[in-house]
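*Asks:* Sharing a sequence plus its predicted fold:
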Amino acid sequence: MNFQQLRSVREAARRNFNLTDVANALFTSQPGVSRQIRELEDELGVVIFERNGKRLTGMTDPGKGILKIIERLLVEAENLQQASSEYAAQDSGTLTVAVTHTQARYALPQVVQAFRNTYPEVRIALQQSAPEHIAEWVLSGRADIGIATEGLSTFPDLVSFPCYRWSHLVVVPDGHPLLSRSPIKLADLAEFPLITYDVGFTGRGHIDAAFASAGVHPDIVLTAMDSDVIKQYVSLGMGVGIVASMAFDHGRDRGLRAIESSHLFAPNVTRLAVRKGAYLRAYAYDFIERFAQGFTRADIERALHPVVAD
């Protein structure tokens, strides 16, 4: 039995039994993945996966139980590597943070700057992507920490901490007709073409839910992941923007005006997530405490490693 066999089983379950995707994730070949799985099944004397010919179609009941054990073993193996690194170098290494663009651009800079002042020997790798990819990277160990507004609290193998609440703002060019309407209504916004975030990004779900609940049909003509892109097209007169409140700066965003709209859309909560059971270096705890203020290292450790009652 070897770790490559265990990783092949875990990735097959994570990637909907698609061996091509598993091979790509493990940097190997599809026949190599099939061989690793077969060898493990032969060694254990148990069929882990259901098959249709050569294709994996699901997991057997014994396989589901074995998968839980495999996941624990791999987490502990990675924890062992982290622990050895911790003792070898207390204040140096790499902290990988998977994060959405909005959080990286507007919420993290001060935290990262203060963290680097404290840990000058720690390199920070910011990996920007969509929330579902962020969760996947944290679960797989590719990232130590994930930060996003959507989705992180829905994964049972992640522990997530609420960091801060924020709302959306409406952004228009100087002189826009909406500036004379106070307070604005959803029906007011529906009179104009709208520019906002892609589905799944930066509270877009709350925007869609507000319009749907009111029975108002918005004309969303352009979407983007990046708040700066949205504001750029608003400044060109292409539509009314809906952006995260922290993405607007009255001094920097000249030619644009912000309109209060927290009464229109539900508030959002940015969360920080870590894989359940993960071993974190001391500086990772410090980073979490800085961003998820109000949580101590003891709080974080209890959440990551809950004590199971006898």
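*Replies:* Sure, I can see it. Numbering: from 1, shown residues only.
*Asks:* so where is the stretch 201-310 of the chain shaky, pLDDT-wise?
*Replies:* Along the stretch 201-310 of the chain, the model assigns pLDDT under 70 to residues 307-310.
*Asks:* Strands along that one, start to end?
*Replies:* 219-224, 240-244, 256-260, 268-275 (DSSP state E, counting those that start in this stretch).
*Asks:* before we move on, what about the stretch 51-200 of the chain?
*Replies:* Ranges of strands in the stretch 51-200 of the chain, per DSSP E, counting those that start in this stretch, are 55-59, 93-99, 122-128, 145-148, 158-166, 168-173, 193-197.
*Asks:* Give me the contact list for the last one.
*Replies:* To tie it back to what came earlier, the one meant is strand 193-197. 203-204, 207, 218-225, 227, 230, 233-234, 238-243 (Cβ atoms under 8 Å, 6 or more residues apart in numbering). C-beta here means a position set from N, CA and C on the backbone, and glycine is covered the same way.
*Asks:* same deal with the second one?
*Replies:* Contacts of strand 93-99 with the rest of the structure, by Cβ under 8 Å, 6+ apart, involve 85, 108, 121-129, 133-134, 137-138, 142-148, 281, 283-284, 287.
*Asks:* mean confidence for that strand?
*Replies:* Averaged over strand 93-99, pLDDT sits at 93.
*Asks:* that older thread, just so I know, which of the strands of the stretch 51-200 of the chain lies nearest D253?
*Replies:* strand 168-173 (7.6 Å; Cβ to Cβ).
*Asks:* so W166 touches M246, yeah?
*Replies:* Yes. Using Cβ atoms under 8 Å, W166 makes contact with M246 at a distance of 5.9 Å.
*Asks:* In terms of neighbours, single out the busier of the two.
*Replies:* Neighbours per residue, other Cβ atoms under 10 Å: of W166 and M246, the larger number sits with W166, 21 against 17.
*Asks:* who does the more buried one bridge with?
*Replies:* Beta-bridge pairing of W166 under DSSP bridges involves N268.
*Asks:* How about the contacts made by it?
*Replies:* Neighbouring residues of W166 by Cβ under 8 Å, 6+ apart: G203, A244, S245, M246, P267, N268, T270.
*Asks:* what do you get for D219?
*Replies:* Contacts of D219 (Cβ under 8 Å, 6+ apart): A190, F192, P193, L194.
*Asks:* Kindly state the neighbouring-residue count (a burial measure) for I259.
*Replies:* Neighbours of I259 using other Cβ under 10 Å come to 21.
*Asks:* was I right about it contacting I184?
*Replies:* Yes. I259 lies in contact with I184 (Cβ under 8 Å); the separation is 5.9 Å.
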